[in-house]
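[1] Mind folding the following:
(chains A, B and C)
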Amino acid sequence: MTEPLLSVRDLRVTFPTRQGEFQAVRGIDFDLGRERLGVVGESGSGKSMTGRAILGLVRPPGRVEAARMELEGQSILNLPDRQMRAIRGGRISMVMQDPKFSLNPVMTVGQQIIEAYRLHARAPRAAARDKALQMLEAVQIRDPERVMDSYPHQVSGGMGQRIMIAMMLAPDPQILIADEPTSALDVSVRTEVLHIMDRLVRDRGMGLIFISHDLNLVAQFCDRVLIMYAGRVVETLPARDLHRAQHPYTRGLLNSLPRLDAPVARLPVLERQDSWKEN
Amino acid sequence: MLSVADLTVWFGQEPDRVTAVHGATFDLAQGESFGLVGESGSGKSTILRAIAGLIPGWSGRITVDGRDQRADRRDRAFFRTVQMVFQDPYASLHPRHSVDAVLAETLRLQGMDRIDQRIVKLLDDVGLGRGFRFRYPHQLSGGQRQRVAIARALAAEPRLLLLDEPTSALDVSVQAEILNLLADLRDEHGLTYLMVSHDLSVIAHMCDRLAVMQRGRIVEILPAANLRAGQGAQPYTTHLIEASAGYRPEARP
Amino acid sequence: MSAVSRPPESRRDWLLSDAPQTRRQARLGAIYQGWLTFRANKLAMVGLIVLVLLIGMAILAPWISPQSPYAQNLADRLQPPSAAHWLGTDALGRDILSRLIHGSRITLFIVGTVALIAPIIGLLIGTVAGFAGGWVDQVLMRVTDIFLAFPKLILALAFVAALGPSIGNAVLALALTAWPPYARLARAETLTIRNADFIAAARLQGAGRFRLLIRHIWPLCLSSLIVRVALDMAGIILSAAGLGFLGLGAQPPLPEWGAMISDGRGYILDFWWVAAMPGIAIFLVSMAFNLLGDGLRDVLDPKGDKS
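    Numbers count the residues shown, from 1 in each chain, chains lettered A, B, ... in the order given. Below you'll find the model as predicted:
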């Protein structure tokens, strides 16, 4: 890894509350190269907030601070809205959990992809249409012409998520942030969507941040994994070594999953320790 | 304990009637734990709701504890025998009722006496303790809410619990706690479970036998041991087991 | 419960405790939380203070008003604001300040009664329609639509014209024309609530329809209704004043604010204060209710809850 695509140091996200300040993310460091980086943690661990902070999507009164947050050497920390919009979608894209809520219900799929593309590429309409068709083919939609003219409620969940991916990848971003992209999907559809994402990311040499609560999935899909707990990274390790993780939190999470191949009478329960919140 | 024969469930009225379950048949012995697995839209939750009497449109036969159930209503005896735990603990507790109010109302409706003692006992049973008695749902975590929901279901001292994805909205570590709690309660109270889940490993962990469902039909019924061994008689079962084993990178040229 | 048995803690900690020990503590804690949220909204506090002053004024009217609201003194008619008459006098030489102070009783009576009757009718009709569904829903909602089809003030005028002009009839007319929006709102809320899992759970405990409606659905509809009522209050005051202005509400010599404006309209160019003073009073109170409603929305709106 020569120069990282994205470099983050001491990232903090703070929200004021009635009881004082609440830090959702408490000083995390990582570099993202052209790789698939998994971010794992339970709800409230700050994993989604990390993704939102990178995209500048933390709304006031929430505050984002960092010693460094650079996209290919250029700082993207607290940029003005206009510049951030150009980066968001153009150079960094995000796929959300549920396509039902991320697609506009009153626009056809085609219009939405074309619009998203033209916002960043300034291409003529016809070229944008070609690009949209090409993207839909790239996410293995068999009949792209028909899908272009359909509305979001007419497509299935798996298809919707593929359309989202097509839309997000149309402007050729360098980084894709996927926040639980397959949690709303059935297992059989999940594999297909992951295959497509994998292929696109590999072929285009993109960096992928894959946010998920599913340890096994991340272990199988990603190259490297950050494990987050209470706003901090407790452990970073190569994905294939996840099952040899050292940190008691990671071990506890792994153990508490019921497994088809190793039946147990009682599931080990994770005993949380306050010391994990420190480093 | 529970016998379901040729159960067909539909939504809506005739011309646009949608049939969600086609002719499902299965039996649960007393003390057994039976699972229903399938992907979304396979009709597994619909079966639970039809048994609970929450869906009026069904045909076939539902027999609980030797008594046939009518389509439109359930009687008091039914509610004392069968209770249900819902999927989303954020939606299954009334946002303005405290834990105390929820349990007290339930106990009163079920015609119980010594309500104060029973509330404390129920909270102890589900591992919450009396410190939680006067909290409101927004003061509870997801796992704690699900424990309250379980306490509510247990208030009637039922013998059959319908579990509708009781852990799918929870984190994995909390899921382990709730699954352990459900296993303990089953041992202590001699409960019979009918559990719905999309997660094969959860069903394999909790159940003795299971039915695999696809598009409203039961594809096959098999012992959990066969599921663990990856032995399904039907191709769909094998496919489901493979898919839930996790992600395998595709072979690249 | 003695002070010894409890560990030393401030009253605030006791109220904000996440683990209340008694039913009373839990309830008081919930109220205190709401109060804190409300207090954070400065404008809402202004509204609340204005309304508290108004209520105080209404209660103490006989003691704080400098003169009788009915005492005429034709020698002093149409006096501008001065030390003797802070807000001036009207065409019959009555002290406007005293009339305003006594008029606050009438305003509060109108507002209070309408705010009690209209939402209750609306809640009943709306929740029953939403919960029962089928033909009951159809019939109730069509009736609601018929009421909604007429402009509110016109309908109220028709009612008053039929019943005869008086303050009581004005209130009745306003209440009878104000409920349809509440019914709509309550029905919409009921439709989303009735399929919730907690309703299904209560049903599985054998809860009957009445219990579900009263114990489970009403408390959830009520909060949005209260907010809506507070926000509508300004409109109700204005409608009441409008009826008074048209001579169909309070009858002379009652010091109703709308009627007072009506009295003053003949002299509005030369003796502006006669109409302006009650106008300002109506404006202040309407605005106070609007601000209060905004604050209540922060507190009561279930969508704002952190869950």
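[2] tell me the contacts of the residue nearest to C:Met57 when sequence neighbours are not counted?
    Closest residue to C:Met57 apart from its sequence neighbours, by CB to CB, 6 or more residues apart in numbering or on different chains: C:Ser104 at 5.1 Å. All C-beta spots, glycine's among them, are computed from the backbone N, C-alpha and C. Applying CB atoms under 8 Å, 6 or more residues apart in numbering or on different chains to C:Ser104 gives the contacts C:Leu54, C:Met57, C:Ala58, C:Ala61, C:Ala281.
[3] In helices, which of those residues appear?
    Using DSSP state H, the members of the contacts of C:Ser104 that fall in helices are C:Leu54, C:Met57, C:Ala58, C:Ala61, C:Ala281.
[4] what's the farthest-apart pair in those residues?
    C:Ala61 and C:Ala281 (13.5 Å; CB to CB).
[5] of these two, who's got more company?
    Neighbour tally, C:Ala61 and C:Ala281, criterion other CB atoms under 10 Å in any protein chain shown: the higher count belongs to C:Ala281, 23 against 18.
[6] Who are the contact partners of that one?
    C:Ala281 sits next to C:Leu100, C:Gly103, C:Ser104, C:Trp257 when contact means CB under 8 Å, 6+ apart.
[7] Over to C:Val299?
    C:Gly34, C:Thr37, C:Phe38.
[8] Quickly note the distance from it to chain B.
    C:Val299 sits 13 Å away from chain B, taking CB to the nearest CB, to the nearest Å as the criterion.
[9] So C:Ser263 versus chain A, what's the distance?
    Just to correct that, residue C:263 is Asp rather than Ser. 50 Å.
[10] cool, C:Leu53 as well?
    Taken as CB to the nearest CB, the span from C:Leu53 to chain A is 28 Å.
[11] What's the per-residue pLDDT of that residue here?
    Looking at C:Leu53, its pLDDT stands at 93.
[12] repeat for C:Leu269
    The model's pLDDT for C:Leu269 equals 85.
[13] how about it, secondary structure?
    coil (DSSP: H, G, I helix; E, B strand; the rest coil).
[14] next one: C:Gly249
    Quick answer, by three-state DSSP: C:Gly249 is coil.
[15] Just give me the neighbour total for it.
    There are 31 residues near C:Gly249, going by other CB under 10 Å.
[16] ok, now A:Gly205?
    11.
[17] Could you pull up the residues touching it?
    By CB under 8 Å, 6+ apart, the contact set of A:Gly205 is A:Arg34.
[18] how close does it get to A:Leu5?
    10 Å (CB to CB, to the nearest Å).
[19] who touches both of those two?
    With CB under 8 Å, 6+ apart, A:Gly205 and A:Leu5 have common neighbours A:Arg34.
[20] Please tell me I have it right and C:Leu248 contacts C:Leu157.
    Yes - under the criterion of CB atoms under 8 Å, C:Leu248 makes contact with C:Leu157 at 6.6 Å.
[21] Neighbour count for these two, which is higher?
    Just comparing C:Leu248 and C:Leu157: by other CB under 10 Å the higher neighbour count belongs to C:Leu248, 24 against 18.
[22] quick one, phi/psi of A:Asp81?
    phi -50, psi -50 (degrees, to the nearest 10).
[23] what's the burial count for the closest residue in space to A:Asp98 that isn't next to it in sequence?
    Using CB to CB, 6+ apart and skipping the chain neighbours, the partner closest in space to A:Asp98 is A:Ala184 (4.6 Å). Applying other CB under 10 Å, we find 19 residues neighbouring A:Ala184.
[24] which sections of chain C are below the confidence cut-off?
    Scanning chain C with the threshold set as pLDDT under 70 gives C:1-9, C:301-307.
[25] The same query, at a cut-off of 80, please.
    C:1-13, C:15-21, C:252, C:300-307 (pLDDT under 80).
[26] need the helices for the stretch 51-200 of chain A, in chain order.
    Under the criterion DSSP state H, counting those that start in this stretch, the stretch 51-200 of chain A carries helices at the ranges A:81-87, A:99-102, A:109-121, A:125-138, A:144-148, A:157-169, A:187-204.
[27] Chain B: which of those helices is closest?
    Across these, chain B has its closest neighbour in helix A:187-204 (4.2 Å, CB to the nearest CB).
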